[in-house]
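Asker: Below is the structure, and that's it, no one-letter string:
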């Protein structure tokens, strides 16, 4: 397998057609080695248009979804970013290449370890992976300039929105299968949020989100 040819094909055949045209984002996809964040057994599928199992019932999202969410966030080099759902650490590595600092929350300790190992091997120093339930964000380190939820939620918790600073952006996939919308939410002023629906998709629920939606108090 020619890895560089496979990477090029992923970018040109999957990602560009999905309206990912920001040259900085496209360049990052060449620089941050996706195959280094996939489990060894799936390394040859790192560039396929599919979700890749990473253990514990969790997956890496399809490359085009990750790239589109990254583009829509418009990360700046002064941004403090919160990622909910560290998974393999790949999205955190992409974010960290653009941001000042990334805090990534992972509910499963074994995946947090996997992400930390992958990030260390890739020499990514400006990410902290914390173990915890991030469905309601991570208020102790907020507020944030950008938040990305790497899994779907039935609805966005208010607690998460409140951790955006004014001018901050959040991307998440919201809804229940089969109908979900990727959304970009911007905090335009204190307590005021603008939502743009980006595209329809279906991605696995964030860990714990499915169990939680059955309860309302």
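Answerer: Arrived safely, thanks for sending. Because the structure is a prediction, the values reported are computed rather than measured.
Asker: looking at this structure, which helix or strand is least sure?
Answerer: Sorting the helices and strands of the chain by mean pLDDT, DSSP states H and E puts helix 209-212 at the bottom, at a mean of 62.
Asker: Can you tell me the number of residues neighbouring residue 5?
Answerer: Residues near residue 5, counting by other CB atoms under 10 Å, number 10. (Each C-beta comes from the backbone N, C-alpha and C, glycine too.)
Asker: in a helix, that's where it is, yeah?
Answerer: Yes: counting by DSSP: H, G, I helix; E, B strand; the rest coil, residue 5 falls inside a helix.
Asker: Which residue ranges of the chain form helices?
Answerer: Using DSSP state H, the helices of the chain run over 3-9, 23-31, 63-73, 90-98, 109-121, 158-161, 209-212.
Asker: What pairs with the top strand by length along the chain, parallel or antiparallel?
Answerer: The single longest strand within the chain, with elements called by DSSP state E, is strand 164-176. If you go by DSSP bridges, strand 164-176 pairs up with strand 144-153 (parallel), strand 179-189 (antiparallel).
Asker: Buried residues in the longest one, which are they?
Answerer: Judged by neighbour count (16 or more other CB atoms under 10 Å), strand 179-189 contains these buried residues: 180, 181, 182, 183, 184, 185, 186, 187.
Asker: possible to save the residues you listed as TSV with pLDDT and distance to residue 19?
Answerer: Listed next are the buried residues of strand 179-189 as TSV, based on pLDDT from 0 to 100; distance: CB to CB, whole Å:
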residue	pLDDT	distance to residue 19
180	94	18
181	96	15
182	96	12
183	97	16
184	98	13
185	97	19
186	98	19
187	97	24
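Asker: which two in those residues are spaced the farthest apart?
Answerer: Farthest-apart pair in the buried residues of strand 179-189 is 180 and 187; separation 22.2 Å (CB to CB).
Asker: in this structure, which segments are predicted with low confidence?
Answerer: Scanning the chain for pLDDT under 70 picks out 1, 210-217.
Asker: any idea how far residue 114 is from the residue most central in space within it?
Answerer: With distances taken as CA atoms, centre = their mean, the chain has residue 150 as the residue nearest its mean C-alpha position (4.0 Å). As judged by CB to CB, to the nearest Å, residue 150 and residue 114 stand 14 Å apart.
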